[in-house]
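> Build the 3D model from these lines:
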Amino acid sequence: MSLIKLHLEHIKSTNSGLVRQLNDLDHIGGGVRSIQNSIDPRIKSRRQIGARITQAVGKGNKIEGDLSGLKSFIENSVELYVNAERRVNLHHLNDIATKVSGKGSKQKKAIEDSIFEFLEKYGNTAVYSQSAIATLLILGKQIRIQEKIGHRGRAVIHTANWIKGKGNNEFFKKLARRMDQSIRNPGRVMKTLMTADRLLEKVTRAQMIGISKAKSFPHFLKAVITGIDDGVHGIETSKIPRMIAKRVYAIDAVFNTAQEGVGLYREHQKGTLDGKDVAVAASNVIIKSSATAAGAIIGGTVGALLGPGGAAVGSFMGGSGGIWLGDKVAGFSEKVIREGPSEAIKDVGNSAKNKLDKGFNWAKDLFK
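So this is what the prediction gives:
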């Protein structure tokens, strides 16, 4: 059976043209009737002029009626087609949903696997990207975090001129102005992003993107990307590491929780979920997220010796290091839970021995 596909926009456009023609015919018919009424009856009686005019008016009315019927037919047909297509699509979607949600469904397994792989692969990447962008902006002096003049121990944040929509670089200046305009007066796309971000924050209880809180483009870069908002009177330098830790920790905690949750769900679906799986998942979330936050605070505290900017850069670098360390500690913790302390320590010892052996072999090769 061949597929019937109507080009609805073309049909609607044609029907709009038909409506215009009907209006023109109505206007012409009105003109003819006006002329008929204005002609002297004595003239209309000659050579059947009156009868011919009446006949012309009748034919015009018939054409107008036929075209009006055609217009109604097209409108009704389009409505019937749209309703039928909607029912077919709904049936198709329901069929897909049944296949995807069915027990043992390949589609369902593929979706679950892709979600798990995404969280596993891009969870840490989200924090690394956040840290890298913020660090580059600070080191590149596009965002300057400096000690407030006359107020030792307090910092203020300044942004480069192009971020404020000023300066000599026309491209960046226009880019910043467009971004600022879209944040201050969001259009349909930006409103959708802000709404999604607001809902995401309610569900996760953590600031993920933070764009819904941004008041302007400079504020977005300061408060959302770096996680530091100096306010009116600046911010205490000692608070910078904790502010950034809270920002980095929130993102990492959400991804860790989601990743472990999906992992538990997969084990439950396979029927292999046990108490150790739950304990490992809880341990991983606590260890990984805490390591990220602790790394940010330690790195920021050390970096603060170089000033407010050093505190910010140190926090982001420490948070990234905390992710790596958290993964290692979580791996050891999992072995302790699943295999016991003695087996876990033995595995660590074997791993260390293998690395030392490789190091010695590399050193010996240098002197051959």
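
> isn't there a helix covering Ala155?
No. Checked against DSSP: H, G, I helix; E, B strand; the rest coil, Ala155 lies outside a helix; its state is strand.

> Distance check, it against Ser238.
10 Å (Cβ to Cβ, to the nearest Å). (C-beta placed from N, C-alpha, C; glycine too.)

> With neighbour numbers in mind, choose between the two.
Ranked by neighbour count (other Cβ atoms under 10 Å), Ala155 and Ser238 place Ala155 first, with 25 against 15.

> okay but the more buried one is in contact with Ile240, surely?
Yes. Contact status for Ala155 versus Ile240: in contact at 6.7 Å, counting by Cβ atoms under 8 Å.

> what is in contact with those two at once?
Ile145, Pro308, Ala311 (Cβ atoms under 8 Å, 6 or more residues apart in numbering).

> What is the nearest of the residues you listed to Lys222?
Ile145 (9.1 Å; Cβ to Cβ).

> residues in contact with that closest one?
Contact analysis of Ile145 by Cβ under 8 Å, 6+ apart lists Ile138, Ala155, Val156, Ile157, Thr226, Ile228, Ile240, Pro308, Gly309, Ala311, Ala312.

> how about the last one, secondary structure?
What it means is Ala312. Assigned state for Ala312: helix (three-state reduction, three-state DSSP).

> for it, what are its contacts?
Contacts of Ala312 (Cβ under 8 Å, 6+ apart): Ala134, Ile138, Ile145, Thr226, Ile228, Ile240, Ile244, Gly300, Gly303.

> Go again with 7 Å.
Shown in contact with Ala312 (Cβ atoms under 7 Å, 6 or more residues apart in numbering): Ile138, Ile145, Thr226, Ile228, Ile240, Ile244.

> that older thread, in CSV: the contacts of Ile145, plus pLDDT and distance to Gln269.
As requested, the contacts of Ile145 are exported to CSV (pLDDT from 0 to 100; distance: Cβ to Cβ, whole Å):
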residue, pLDDT, distance to Gln269
Ile138, 91, 45
Ala155, 90, 50
Val156, 89, 53
Ile157, 88, 48
Thr226, 86, 41
Ile228, 84, 43
Ile240, 91, 44
Pro308, 91, 50
Gly309, 91, 49
Ala311, 92, 46
Ala312, 92, 43
